[in-house]
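Enquirer: build me a model from this:
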Amino acid sequence: MAHLSNENTNARRLEPRLLVYGAIVVLLGTFLLRVSGGLATGTLNFYLKSLGQEGLEVGFVAAGYYATELLLAPVFGAMTDRVGRKVLMAAAPVIGAIALLIYPLTSSIWVLFAIRILEGVSAAAAIPATLGYLSDLTDGSPHRARIMGFYEIVTLLGVTGGGIVLGPLLWSALGTSSYPVLAGVYMLGAIVFWFFLPNIGTRVQKRRDLSDYFKALGNRRLVRFLPAWLSATAVIGLWLVHVQNILSKGKEPIQTSQALVGAFTPAEVSKYLTFFAISFLIGLVFWAERAKHGRRSTPMLYAGGGLLAISISWFFLNHPELGFNLLIPTPLEPVSVWFLLLLIGAFFQAGFTPVALAYLADISEDFPEDRGVVMGLYSIFLAGGNLIGGSLLGGAFVSALQMDGVILLTFLFTLMAFYSVLNIRRASSD
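Expert: A predicted model of the protein is given here:
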C-alpha cells in the first residue's frame, strides 16, 4: 500500500494511486456509517409510531441528535485540525454503536432523547473529520468536485437506502432486535477507518476556539450561502423525521381528511419511497458529474425548482377531493400524474447537495490551516437545518397540519433557498 511517511506533507503531492485509494476507503467507511445511521433513523420513526408518538414528540426525540451535533461540531471540527482526522473518524462510529445497543432496552421518550444525544456526538465527531480529510486529500486536485460528489452520493445512498427503503422492511422483520445488527455495521465502519485509512491529513498545532468559526463565518461567500444550505438541510430533516411517521398506519385509525396521513403499512411506505429514492439517486449521480462544469449556482436553482414540484405534487396527492388527481395508465397499474411529477422533482432536487459541498470545499481554500474548521461548518449547517426543519418548525407544523404542514413548510424553505441562490448568483460568478 502506498503511503506518505510525513503527515504534514501537502496533499498536492499525493500520488494518484494514493488519492484513489484514500477516496475509496473514505467512501466505503462513510457508506457503512450512513447505512447504519439511516436504518436507525428509519426504524426509530416506526418505533415511535408504535408507541403512539407523533408531531411534537417525534420532533423532540430528533432534537437530541441535531442539537448535539450543532453544538459539538465546532469543537470536533477544531479538534480534527489538532489531533488529526483518522482518530476521530475511527472513534465516532464506536460511539454510534454503543447508542444503538441501548435502543431495545427502553420505550421511554426521555431515554430515546438521551440516546439520540449520544448519536449526535458520533455525528459531530465524524463529519468534520471526514470532510477535512477529503479536503486534504483533494487539495489542488482537479477531481475535487467529483470526489465530493461521490461522498454525497454514498452519504445519501446510505441515508435513503437505509432509512427510506430498508428501514421499514427491517422494522417489519426484526423490530427492536434490528439495533444490535446496526451496531455491528457501525463497528465495521470503525474497522475500515482505523486499519485501512492512509495518514495524509495536515495537523495544525495552533489551538482553535469559537473565534475561528466566527472568522470563517465572516466570509462573504459563506454568508450568502448560509440561507440556501440551511433551507436544503431543513427540508431533509423535515422529511426524514416526519414523513414516514405521517404516512404509516398506527394502532388506531386516524381521523383526517388528508389522503396521505396514516394511509400505508411500513412495507407500502418502503415501496413508494423507493421510487422517490431511486429518482433522487439518479439525479445525484447526474448532477455530481455536472458540478465540475459551469457555475455552482445553476444546479442549486434547478434543485429549488425540484422542491417546488415536490410541494405541488404532495399537495394534490394529499387532497384528491380537489379533482386534479389525473391517472396515467401503465402495464402494472394506473399512476397519478402528481406522483410522476414528484419523481421528476426528486431528480432535480438532488442537484443541490454535491455542488454545495464542492462550493464549501472551494471556500475552504481561503483558510488552508483551518480547513477542519471550515468543513466543520458543513456539520453545523446540516445539524442547524435539521434541527429547524425536523424538530422546531417541523414538530409544530406537523402537529397543527399533519401532512399539509410538511407541504407548507417545504414550500417556505424553497422560497428561502431561491432567494439565497439568486443572491449568490448576482454577487459573483459562482
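Enquirer: and for the closest residue to residue 326 other than its chain neighbours, the neighbour number?
Expert: Distance criterion CB to CB, 6 or more residues apart in numbering; nearest residue to residue 326, sequence neighbours excluded, is residue 337 at 4.4 Å. To be clear about C-beta, it is placed using only N, CA and C from the backbone, and glycine gets the same treatment. For residue 337, the neighbour count with other CB atoms under 10 Å is 15.
Enquirer: list the contacts of residue 337.
Expert: Residues in contact with residue 337 (CB atoms under 8 Å, 6 or more residues apart in numbering) are 325-328.
Enquirer: what about the protein, any weak spots by pLDDT?
Expert: Counting by pLDDT under 70, the chain shows low-confidence ranges at 1-14, 145, 201-217, 251-254, 291-294, 330-332, 361, 364-376, 379, 428-430.
Enquirer: longest single helix anywhere in it?
Expert: Counting by DSSP state H, the longest helix found in the chain is helix 16-50.
Enquirer: distance from the chain centre to that one, please.
Expert: 10 Å (CA atoms, centre = their mean, to the nearest Å).
Enquirer: again, but for stretch 125-138
Expert: 16 Å.
Enquirer: which stretches of the stretch 51-200 of the chain form helices?
Expert: 56-83, 85-102, 109-137, 144-159, 167-174, 178-196 (DSSP state H, counting those that start in this stretch).
Enquirer: wait, which of the ones you listed is closest to residue 302?
Expert: For residue 302, the closest of the helices of the stretch 51-200 of the chain is helix 144-159, at 15.1 Å, according to CB to CB.
Enquirer: angle of the closest one against helix 109-137?
Expert: 160 degrees (axes from the mean of the first three to the mean of the last three CA atoms, to 10 degrees).
Enquirer: which residues does helix 144-159 contact?
Expert: Contact with helix 144-159 is made by 23, 26-27, 30-38, 41, 130-131, 134, 137-138, 141, 240, 280-281, 284-285, 287-289, 291-292, 350, 353-355, 357-358, 361, as judged by CB under 8 Å, 6+ apart.
Enquirer: give me that answer again for 7 Å
Expert: 23, 27, 30-31, 34-35, 38, 134, 138, 281, 284-285, 288, 291-292, 353-354, 357-358, 361 (CB atoms under 7 Å, 6 or more residues apart in numbering).
Enquirer: before we move on, the earlier item: of the contacts of residue 337, buried ones?
Expert: residue 325 (16 or more other CB atoms under 10 Å).
Enquirer: nearest to residue 78, of the contacts of residue 337?
Expert: Using CB to CB, the contacts of residue 337 come closest to residue 78 at residue 325, 52.0 Å.
Enquirer: and the closest one, which of the three is it?
Expert: Using DSSP: H, G, I helix; E, B strand; the rest coil, the structure places residue 325 in coil.
Enquirer: mind listing the residues bridging to the residue nearest to it when sequence neighbours are not counted?
Expert: Using CB to CB, 6+ apart and skipping residues adjacent in sequence, the residue nearest residue 325 is residue 336, 5.6 Å away. With DSSP bridges as the criterion, residue 336 is bridged to residue 327.
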